[in-house]
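Colleague: Need coordinates for the below:
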Amino acid sequence: MKIYLGFRISGSSYEAVTKYVSNVQEELESCGYTVMHPMTGKESLRTETQFKAHGYAGIPQATNHAIFERDIWMVRQCDVFYLNLMDADERVSIGGVMELAVAAALGEHTVVSMGAENIHQHAFVLEAADVIYETHEEAMKYLERLML
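Modeller: Numbers count the residues shown, from 1 in each chain. The predicted structure follows:
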């Protein structure tokens, strides 16, 4: 089963983002998932100390259009979409919410983790998510049970 990992990237460092992806990917792959994520093909951004929301025009695989098309292409391929908003309490993850909307429109199983006071507490997010957990750990336990 394929799963796509959505999460806040803007404002984070390459190191922090790839560490998160590596940890979650390892855990989900051990359950049998094939993991897709928005950091695919972005090794050229490894010197970024803080990701921007746009503006990587000089890097072909990281132009606005390339990022949008590749990420939506991966969302279309997945069976399960997981959006972790736990680290997005003060800054909205527009990309993550866009990916969630696409996954919901495609009828994919959507799982979101966010706290009760999260800035993403909005009717569209709440209705696009099939399941919402208040912690990342609870969401991961649920995703692991789906593979049993």
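
Colleague: Show me where the chain has its strands.
Modeller: 2-7, 34-36, 80-84, 109-113, 131-133 (DSSP state E).

Colleague: Adding mean pLDDT, distance to H120 and mean neighbour count, write the ones you listed out as a markdown table.
Modeller: Where you see a C-beta, it was placed from the backbone N, CA and C, and this is true even at glycine. Formatted as a markdown table, the entries for these read as follows, by pLDDT from 0 to 100; distance: least, C-beta to C-beta, whole Å; neighbours: other C-beta atoms under 10 Å:
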| stretch | mean pLDDT | distance to H120 | mean neighbour count |
| --- | --- | --- | --- |
| strand 2-7 | 98 | 11 | 24 |
| strand 34-36 | 98 | 21 | 18 |
| strand 80-84 | 98 | 9 | 25 |
| strand 109-113 | 98 | 8 | 24 |
| strand 131-133 | 98 | 10 | 19 |
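
Colleague: packing partners for the lengthiest helix in the chain?
Modeller: Among the elements of the chain assigned as helix by DSSP state H, the one spanning the most residues is helix 14-31. Using 3 or more C-beta pairs under 8 Å, 6 or more residues apart in numbering; DSSP states H and E as the contact criterion, the elements in contact with helix 14-31 are strand 2-7, strand 34-36, helix 136-146.

Colleague: So what are the sheet partners of the second one and their directions?
Modeller: With DSSP bridges as the test, strand 34-36 is paired with strand 2-7 (parallel).

Colleague: Just the angle for the partner strand relative to strand 80-84, thanks.
Modeller: Taking axes from the mean of the first three to the mean of the last three C-alpha atoms, to 10 degrees, one finds that strand 2-7 is oriented at 20 degrees with respect to strand 80-84.
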